[in-house]
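> I'd like to go over a predicted model; first the sequence, then the structure.
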Amino acid sequence: MDAVDSNMNKINNVSIWDSECLTTSTTDSQGAFKSTDVKNEVTRCVHEMIKELGLDLKLSLCGCNTHNCTNCDDIWMNVYNKGHSQETHVHYSENPNQKQPLFSFSYFAKYNPEKDAKFIFVNPSPPTTCKELYKLPSYIPEVCADVTEGDILIFPSFLLHRVEEQLEDRQRITISGNFYEQLKE
């Protein structure tokens, strides 16, 4: 039994996502995510991606713009049990004064691609009655992310996405969050 399984008694239901979130086992009293291994690996991967894209950005899990702040990292853990899902959504704030994330991620901590609910990107283009167009990638209504346990999926925060219903009687666990542009001091 791993650490996540041993802390299942600390789960609180978060109905907006129709999944459950670990609390005290993964966050401190201010809500900051404590797993530095996961944070460090995801941060390393996103910085590697930024470099490969040729962008000159400094990114942080912290949306407050305080240099080296680690108290308000935007990271959480979702635990999907049988019947749980997430509706189509994007990661942004409707508050225009709040900083918007540039990239989001999901780390697939406990995930069997043959049995567990799929992570789906949703195409925002309107449906068409012309079935011939669905042969083109830009018209495919949904795309299933090709991931396995241990993978980190990094994507622009504005992409519509959802999680199918978990049909198996087992837990599907992801750690997700957002990266923000870190303003220069």
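Nice, thanks for sending it over. Numbers count the residues shown, from 1 in each chain.
> buried ones in the longest helix seen in the chain, by neighbour count?
Longest helix in the chain by number of residues, with DSSP state H as the criterion: helix 36-52. Neighbour counts over helix 36-52 (16 or more other Cβ atoms under 10 Å) mark Val38, Lys39, Val42, Thr43, Cys45, Val46, Met49, Ile50 as buried. No exception for glycine: its C-beta is placed from N, CA and C like everyone else's.
> got it, and stretch 61-78?
Leu61, Cys62, Gly63, Asp73, Asp74, Ile75, Trp76, Met77, Asn78.
> follow-up on the earlier one: can I get the buried residues of helix 36-52 in CSV with distance to Gly83 and pLDDT?
Shown next, in CSV, are these (distance: Cβ to Cβ, whole Å; pLDDT from 0 to 100):
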residue, distance to Gly83, pLDDT
Val38, 26, 85
Lys39, 30, 87
Val42, 28, 92
Thr43, 33, 91
Cys45, 31, 94
Val46, 32, 95
Met49, 34, 95
Ile50, 37, 95
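> tell me which two of those residues sit farthest apart.
Val38 and Ile50 (18.6 Å; Cβ to Cβ).
> and the helices in this structure, which stretches?
3-6, 36-52.
> could I get those helices in JSON lines, plus columns for distance to Glu132?
Below are the helices of the chain laid out as JSON lines (distance: least, Cβ to Cβ, whole Å):
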{"stretch": "helix 3-6", "distance to Glu132": "46"}
{"stretch": "helix 36-52", "distance to Glu132": "35"}
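> closest to Tyr180 out of the ones you listed?
Closest among the helices of the chain, once you apply Cβ to Cβ, is helix 36-52, at 10.9 Å.
> so what does the closest one touch, helix or strand wise?
strand 59-60, strand 103-110, strand 152-156, strand 172-181 (3 or more Cβ pairs under 8 Å, 6 or more residues apart in numbering; DSSP states H and E).
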